[in-house]
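Q: Structure for this input, please:
(one chain, ligands or ions: 1)
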Amino acid sequence: MLFPQRFLDDLRLQANILQVVQEYVPLKRAGQTYKGLCPFHAEKTPSFHVNQEKGFFHCFGCNVGGDVFKFLELHEKLGFQDAVRMLAQKFGVALPEEGERGDGHADSGLREALLKIHEVAAAYFREDLDHPSGARARRQLHDRGVTPTTIERLGIGYAPPSRDGLRDRLLKQGFAPALLVQSGLVVLRENREEVDRFRNRLMVPICRDSGSVIGFGGRSMETGQVPKYLNSPETPIYAKGRTLYGLNLTKAAIQKAGFAVLVEGYFDFAQVYQSEAAPAVASCGTA
Ligand SMILES: [Zn+2]
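A: I've put the predicted structure just below:
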């Protein structure tokens with residue numbers, strides 16, 4: 001059985017290597033790292049170091065080293081899979097369900113295509129924000145105090161009122177109609193008509209830690225427009241319960257600070273992000 005890379009990345013981020021190692025090895029702070037007597041070779045002077053920020057350990061005496069998974073594998077004499085399970089249990093991270101472990105299997109081609117579609121869509125929404133017809137959207141962002149730099153860093157865009165502008169763009173790029181529906185960006189109506197899911201909305205891309213776009217949150221432009229927030233549905237690349245918005249932008253700062261501020265919405269996140277007050281993540285798009 002294989003765990004998806006994204007799950008492993010999330011777990012590695014949440015599992016504090018310092019906390020894990022300290023249960024076995026007394027450590028003392030030494031500048032940027034922590035050090036102690038190596039549990040893997042006999043020594044009297046500490047040459048075993050743990051770097052919490054970078055998430056790895058290393059012994060200068062016997063040259064053993066690695067991440068938090070590696071430490072448990074070596075120290076508990078576990079296989080990789082069991083080390084992963086042990087850490088997930090310890091830090092309260094749910095293991096992926098059976099059937100969600102498809103990374104690297106038959107559906108990896110599908111996932112790749114869906115990621116590519118989202119990349120094209122994100123570019124399309126950004127273009128439309130810069131277009132003359134995006135003037136109102138730009139003004140709304142300005143009125144919300146979102147700076148041009150933040151707009152660019154968050155990749156915020158605008159979905160025009162057009163019925164199938166994005167669908168057209170994607171079809172022209174050679175994506176199959178069924179794939180567009182599967183991406184969640186195109187909706188198949190009861191009359192078999194296919195239209196863009198997001199129309200006349202401010203568009204916020206939801207990304208993996210790596211930065212790949214996996215979904216969108218769309219905010220209404222008009223007062224009576226419902227719903228106020230429309231999010232991408234779950235797809236083979238987007239599992240809502242496991243995506244915190246903004247982590248791709250603040251992960252490094254969170255690791256450095258050792259904490260994060262949890263905010264509710266995309267635009268709350270934008271405010272905290274551009275104020276640089278504290279590293280934040282948002283829970284939006286997760287329910
Ligand atoms: Zn050693």
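Q: residues in this structure within reach of the ion, list them.
A: Taking C-beta under 5 Å from the ion, the part of the chain that reaches the ion is made up of Cys38, Phe40, His41, Cys59, Gly61, Cys62. Yep, even glycine has a C-beta here, placed from its N, CA and C like the rest.
Q: let's see 6 Å
A: Proximity of the chain to the ion, by C-beta under 6 Å from the ion, involves residues Cys38, Phe40, His41, Phe48, Cys59, Gly61, Cys62, Val64.
Q: What's the PyMOL line that selects buried ones from the residues you listed?
A: Here is the PyMOL selection string for the buried members of the residues of the chain next to the ion, based on 16 or more other C-beta atoms under 10 Å:
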select buried, resi 38+40+48+59+61+64
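Q: How about the contacts made by the residue positioned nearest the centre of the chain?
A: When C-alpha atoms, centre = their mean is applied to the chain, the residue found nearest the centroid is Arg208 (2.8 Å). Arg208 sits next to Arg6, Ile214, Thr243, Asn248 when contact means C-beta atoms under 8 Å, 6 or more residues apart in numbering.
Q: Show me those that map onto helices.
A: Arg6, Asn248 (DSSP state H).
Q: Where is pLDDT lowest across the contacts of Arg208?
A: Within the contacts of Arg208, Thr243 has the lowest pLDDT, namely 74.
Q: Surely it touches Gly215?
A: Yes - the pair Thr243 / Gly215 is scored as a contact, 7.5 Å apart, by C-beta atoms under 8 Å.
Q: For the two, indicate the residue with more neighbours.
A: The neighbour comparison of Thr243 against Gly215 (other C-beta atoms under 10 Å) goes to Gly215, with 27 against 23.
Q: For that one, which non-adjacent residue is closest in space?
A: Spatial nearest neighbour of Gly215, excluding adjacent residues (C-beta to C-beta, 6 or more residues apart in numbering): Ser232 at 3.4 Å.
Q: That neighbour is in contact with Phe216, isn't it?
A: Yes - counting by C-beta under 8 Å, Ser232 touches Phe216, with 5.2 Å between them.
Q: any shared contact partners between these two?
A: Joint contacts of Ser232 and Phe216 (C-beta under 8 Å, 6+ apart) are Leu185, Ile206.
Q: just the helices in the stretch 51-200 of the chain please.
A: With DSSP state H, counting those that start in this stretch as the criterion, the stretch 51-200 of the chain has helices at 68-75, 80-90, 108-130, 135-143, 148-154, 165-172, 177-182.
Q: How far away from the center of its chain is the third one?
A: So that's helix 108-130. Shown here is helix 108-130, whose average C-alpha point lies 16 Å from the average C-alpha point of the whole chain (C-alpha atoms, centre = their mean, to the nearest Å).
Q: Run a quick neighbour tally on Ala88.
A: 20.
Q: need the contact list for whatever residue of the stretch 151-287 of the chain ends up closest to the ion.
A: Proximity of the stretch 151-287 of the chain to the ion (C-beta to the ion) peaks at Gln255, 25.0 Å away. Contact analysis of Gln255 by C-beta under 8 Å, 6+ apart lists Leu13, Glu53, Gly55.
Q: As CSV, the residues you listed with pLDDT would be great.
A: Output for these, formatted as CSV (pLDDT from 0 to 100):
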residue, pLDDT
Leu13, 81
Glu53, 85
Gly55, 88
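Q: Mind giving me the ChimeraX command for buried ones among the residues you listed?
A: Per 16+ other C-beta under 10 Å, the buried members of the contacts of Gln255 correspond to this ChimeraX selection:
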select :13,55
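Q: any chance of the contacts of Gln255 in a markdown table, with distance to Gln89 too?
A: Conversion of those to a markdown table gives the following (distance: C-beta to C-beta, whole Å):
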| residue | distance to Gln89 |
| --- | --- |
| Leu13 | 16 |
| Glu53 | 25 |
| Gly55 | 19 |
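Q: Can you tell me which of the contacts of Gln255 comes closest to Gln173?
A: Set against Gln173, the nearest of the contacts of Gln255 by C-beta to C-beta is Leu13 (33.6 Å).
Q: Which of the three states applies to the closest one?
A: helix (DSSP: H, G, I helix; E, B strand; the rest coil).
Q: Pull the contacting residues for Ala282.
A: Leu244, Tyr245, Gly246, Leu262, Val263, Glu264, Gly265, Tyr266, Asp268, Phe269.
Q: can you pull up the bridge partners for the closest residue to the last one other than its chain neighbours?
A: Once flanking residues are discounted, Phe269 sits nearest to Ala282: 4.1 Å by C-beta to C-beta, 6+ apart. Note on Ala282: beta-bridge partners by DSSP bridges are Tyr245, Val263.
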